[in-house]
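A.B. asks: Return atomic coordinates for the entry below.
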Amino acid sequence: QVMTLSLLMYPMLRSLALQLHSAITGSYVSGTHSIVFINCLNEQIAKDIARGIMDKKLAAYVNILPKSSALYFWKGELEESTEILLLVRTKTSKISELSNYVRSIHPFEIPEVISLPIDQGNPLYLKWIGENVPRD
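C.D. replies: The predicted structure follows:
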C-alpha cells in the first residue's frame, strides 16, 4: 500500500518540487509546462471548447488551427474527415484536469487530448504561461 500511495502521489510531489526549484533558482525546469493537442469536428466546437478552457483558467493560450484532412481507423474501418486542431499551452500539472474537462464536453466518443512537455523556450514566455495558469 505504501508503494501504491507513493506512486499516486508522485505527480503531485514532482509538481511541488519543480515549483520550488523554479522559485529558488528563477530558472525554467524542463517539463513544467506542456502543449496539448485537441481535435475538434468543426470551428464552432473548437471555439466553444477553447472558450471553456480559458474560462476555467486551464490554460494561458489556445490556438485554433484551420481545417486539416485526417485519416484514421475507427471501429476497424479507415475513415477520412476534416478537423480543427487546438494547441493549448498550460502547466503540466493541469493536464489531468484539462483532459477531464474536454472529455466531459467534447462530442467525440474518444476525443484526442495529447500532451507534450515543453523542454525549452523563451524564458519570458514560459514565465508568462506560469503566471496565467493558477497554481494547483
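A.B. asks: how close does the residue nearest to residue 98 when sequence neighbours are not counted sit to residue 71?
C.D. replies: Closest residue to residue 98 apart from its sequence neighbours, by CB to CB, 6 or more residues apart in numbering: residue 58 at 4.6 Å. Yep, even glycine has a C-beta here, placed from its N, CA and C like the rest. Using CB to CB, to the nearest Å, residue 58 is found at 29 Å from residue 71.
A.B. asks: so which helix or strand takes in the residue most central in space within the chain?
C.D. replies: With distances taken as CA atoms, centre = their mean, residue 36 lies nearest the centre of the chain, 3.6 Å away. For residue 36, the enclosing helix or strand under DSSP states H and E is strand 33-40.
A.B. asks: How far does that strand sit from its chain's centre?
C.D. replies: Relative to its chain's centre, strand 33-40 lies at 5 Å (CA atoms, centre = their mean, to the nearest Å).
A.B. asks: Can you say which helix or strand has the nearest residue to residue 54 once chain neighbours are set aside in it?
C.D. replies: Once flanking residues are discounted, residue 54 sits nearest to residue 62: 6.4 Å by CB to CB, 6+ apart. Residue 62 is part of strand 61-74, with elements assigned from DSSP H and E.
A.B. asks: which is the next helix or strand following that strand?
C.D. replies: strand 77-91.
A.B. asks: Just list what that next one packs against, helices and strands only.
C.D. replies: Applying 3 or more CB pairs under 8 Å, 6 or more residues apart in numbering; DSSP states H and E, we find strand 77-91 packed against strand 33-40, helix 43-55, strand 61-74, helix 123-132.
A.B. asks: winner for burial among those?
C.D. replies: strand 33-40 (a mean of 22; mean count of other CB atoms under 10 Å).
A.B. asks: packing partners for that one?
C.D. replies: helix 43-55, strand 77-91, helix 95-105, strand 113-117, helix 123-132.
A.B. asks: if we can go back for a sec, in its sheet, what does the strand holding residue 36 sit against?
C.D. replies: strand 77-91 (antiparallel), strand 113-117 (antiparallel) (DSSP bridges).
A.B. asks: These: which one's closest to residue 125?
C.D. replies: Residue 125 lies closest to strand 77-91 among the strands paired with strand 33-40, at 8.8 Å (CB to CB).
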